[in-house]
Each structure stands twice: as structure tokens, then as C-alpha cells.
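1. Here you go, sequence then predicted model.
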Amino acid sequence: MIIGIDFGAKTAGTTVIARLYEFDKVDFHASEKGQDADQFLFNFIQKHEDIWLAYIDAPLSLPKIYRNGLGEGDYFYRKADRSTGAMSPMFLGGLTARAMKLKASFKIQGIKLVETYPSKLAEVLGLKEKGYKQDKTLIPEMCSLVKEHSNLKFDENEVKDWHHFDALLCLYSAKRFEMQAAMVFGDDDEGTITV
């Protein structure tokens, strides 16, 4: 089983999992406001032991200058961030640290956690010029467009907000990887973003 995760602030209730199960069916699971999102994810993987791959919308590494010590280099962005237009892992601070910790925990569970960026996939699929994240009323139209590009089967009414939609895009990035159609930005030494 594979999942896509839109990773939000720890207790904001904005962390959403899109889960792919039998024959390309997708369902959604969301944390609640006040709930610990990291514990929510941990409980989910404990309950679904057949998960082997997860794509997450969060930085899973820091710029390589922090491994190589002081000197010349970019202290804010990785090559992958610059290539995709993603936010700096340093700006995201605590969220980056939580995601990196989550990656270590998932690895112990035998789950490969991969960094993705739904906004870049939205650009690749042509969703940005059609209203991606501009107005919540456009979510059903965005869902229809994702269905046109993929074999994913889901109830559009379950995609309640842009967090659910980004979780869906994270999942589709994982599916693209499975189909050997994914694009990889950055370098392995520093960290990559796969869409």
C-alpha cells in the first residue's frame, strides 16, 4: 500500500493522508484540530502494516552546507528547492525537523518516505493555470483533472479542502514513481524532491 501525506503544523488539524488501496481506490484520513499530527501518522502506519511507500509534502534534508561545515554554499536552499520553487527547509524549521524525525521512524517500520512537492506536480499537470489553490470552489474541477491524468478512483466529496487535494497530489507522485514516470529534482547527496 502507498500513501501521500500533506504534512501540516503539529496541532493545526491540517495533516491529511491519501491512501491507495485495492485497484487504484483512494480514501482520505485527516488529523483533527488539537490532535498531535505526528502521533496521528504513527498510529496510522501501526494500523496499516502493509504500507511500504509514503510521499510527503515536507523537507527531509537540509542544505549540504550544514554537513560540510562552514564555507561557501547556500545556507537556505537546497538545489531541489531552487529547481522546484519549494520553500527553504530552514524557513520551515520545526516542520522540517519533525519530517526528518518521521523519516527515521518510518525507516524502522520498513516504509520508504520520499519528499515531494504538490505545487510542482500541479504545475506539471497544468493545474496552476486552471485555478490550483485559488478558490476552494475549484477543488471538484481540480479533482476531475487529476482523474483524467491518473487511474485513481476517489469520491470528490471526500476532498474537503486544499490539504486533502495536496495529499492526493502527493499520492499521485508516489503512483507516478511506481509507473516510472516521476521527475526527480536535486541531487542524492543533498536531497531530492520527486513528483
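-> Thanks, I have the structure now.

2. Could I get the buried residue list for the lowest-mean-pLDDT helix or strand in the chain?
-> Within the chain, confidence by mean pLDDT, DSSP states H and E is lowest for helix 65-68 among all helices and strands, at a mean of 84. Buried residues in helix 65-68, counted by 16 or more other C-beta atoms under 10 Å: residue 65. Placement of C-beta: from N, CA and C, glycine included.

3. Show the secondary-structure elements that that helix is packed against.
-> With contacts defined as 3 or more C-beta pairs under 8 Å, 6 or more residues apart in numbering; DSSP states H and E, there are no secondary structure elements packing on helix 65-68.

4. Would you quantify the distance from the residue nearest to residue 115 when sequence neighbours are not counted to residue 106?
-> Nearest residue to residue 115, sequence neighbours excluded (C-beta to C-beta, 6 or more residues apart in numbering): residue 60, at 4.4 Å. Distance, residue 60 to residue 106, using C-beta to C-beta, to the nearest Å: 10 Å.

5. Need the residues touching each of the two.
-> residue 113 (C-beta atoms under 8 Å, 6 or more residues apart in numbering).

6. Contacts for the least confident helix or strand of the chain, please.
-> Taking C-beta under 8 Å, 6+ apart as the rule, helix 65-68 contacts 71, 73-75.

7. So which of these belong to helices?
-> Using DSSP state H, no member of those falls in helices.

8. Kindly present those as TSV, with separate columns for neighbour count and pLDDT.
-> Listed next are those as TSV, based on neighbours: other C-beta atoms under 10 Å; pLDDT from 0 to 100:
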residue	neighbour count	pLDDT
71	6	74
73	12	85
74	15	92
75	11	92
